[in-house]
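Participant: kindly return the folded structure for what I paste below:
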Amino acid sequence: MPEIRIPIGGFGESPVLKTGAAAPDFECPDETGACFRLSRDGGQRGTILCFYPGDFTPVCTREVCRLDASYRALADRGYVLVGVSPDPSARHELFKQRYGLSLKLLCDGERRLFRRYGCLVPVLNWPLRVSWFVDADLRIRKRVHAEFRLRRHEVLVEDLLRD
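Facilitator: Residues are numbered from 1 along each chain as shown. Model prediction:
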């Protein structure tokens, strides 16, 4: 029987994914149905993966819109900004249209990426608000977990833009 690992030390903390570790590669559909693969479609300098609970909720909408405001500056510097939520493609597409978003929104309805990246409340299976920076070599460089302090996620992006 395989070992079951329970996260210790707080919600969503993965005992496997640590700074400097290899980031799990994955394929996941985006809002258009196209397949996004981290190793193929990530940025030349790295990828920012922003996990959030759902489109059109007050906090998630603010978070995604605030991060998307840096989309062009990030892209110009070789970074890719990607949102990940359990929402289906049609909802993502409507969300992007309504708020004029540029970033890709990945559809993780079965929460596989949330699990792999340690972004679920254990037992409840509830998505957490976590941002990861994965460099071009697919190594985890930074992790931000802040449910309501959205500024912490923005600081991650600002730090990348300063480099």
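
Participant: Cys119 against Pro127, yeah?
Facilitator: Yes - Cys119 lies in contact with Pro127 (C-beta atoms under 8 Å); the separation is 6.3 Å. (Glycine included, C-beta is placed from N, CA and C.)

Participant: how about the contacts made by Pro53?
Facilitator: Going by C-beta atoms under 8 Å, 6 or more residues apart in numbering, Pro53 touches Cys60, Ser85, Pro86, Trp126, Pro127, Leu128, Arg129.

Participant: would you double-check that the first one falls in a helix?
Facilitator: Yes - according to DSSP: H, G, I helix; E, B strand; the rest coil, Cys60 belongs to a helix.

Participant: report how many residues lie close to it.
Facilitator: Residues contacting Cys60 under the criterion other C-beta atoms under 10 Å number 21.

Participant: against Arg152, how distant is it?
Facilitator: 15 Å (C-beta to C-beta, to the nearest Å).

Participant: just Leu113 next, same as before
Facilitator: 21 Å.

Participant: neighbour-wise, which of those two wins?
Facilitator: Shown here are Leu113 and Arg152; by other C-beta under 10 Å, Leu113 has more neighbours (23 against 14).

Participant: so where do the helices sit in the protein?
Facilitator: Under the criterion DSSP state H, helices of the chain are mapped to 38-41, 58-68, 71-76, 89-99, 112-116, 151-162.

Participant: export the ones you listed as JSON lines, with columns for mean pLDDT and distance to Asp30.
Facilitator: Shown next, in JSON lines, are these (pLDDT from 0 to 100; distance: least, C-beta to C-beta, whole Å):
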{"stretch": "helix 38-41", "mean pLDDT": "97", "distance to Asp30": "9"}
{"stretch": "helix 58-68", "mean pLDDT": "93", "distance to Asp30": "14"}
{"stretch": "helix 71-76", "mean pLDDT": "96", "distance to Asp30": "14"}
{"stretch": "helix 89-99", "mean pLDDT": "97", "distance to Asp30": "7"}
{"stretch": "helix 112-116", "mean pLDDT": "93", "distance to Asp30": "12"}
{"stretch": "helix 151-162", "mean pLDDT": "89", "distance to Asp30": "20"}
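
Participant: what's the closest of these to Phe51?
Facilitator: Checking these against Phe51 by C-beta to C-beta gives helix 112-116 as the closest, at 6.2 Å.

Participant: hmm, back to that, which of the helices of the chain sits closest to Leu138?
Facilitator: helix 38-41 (6.2 Å).
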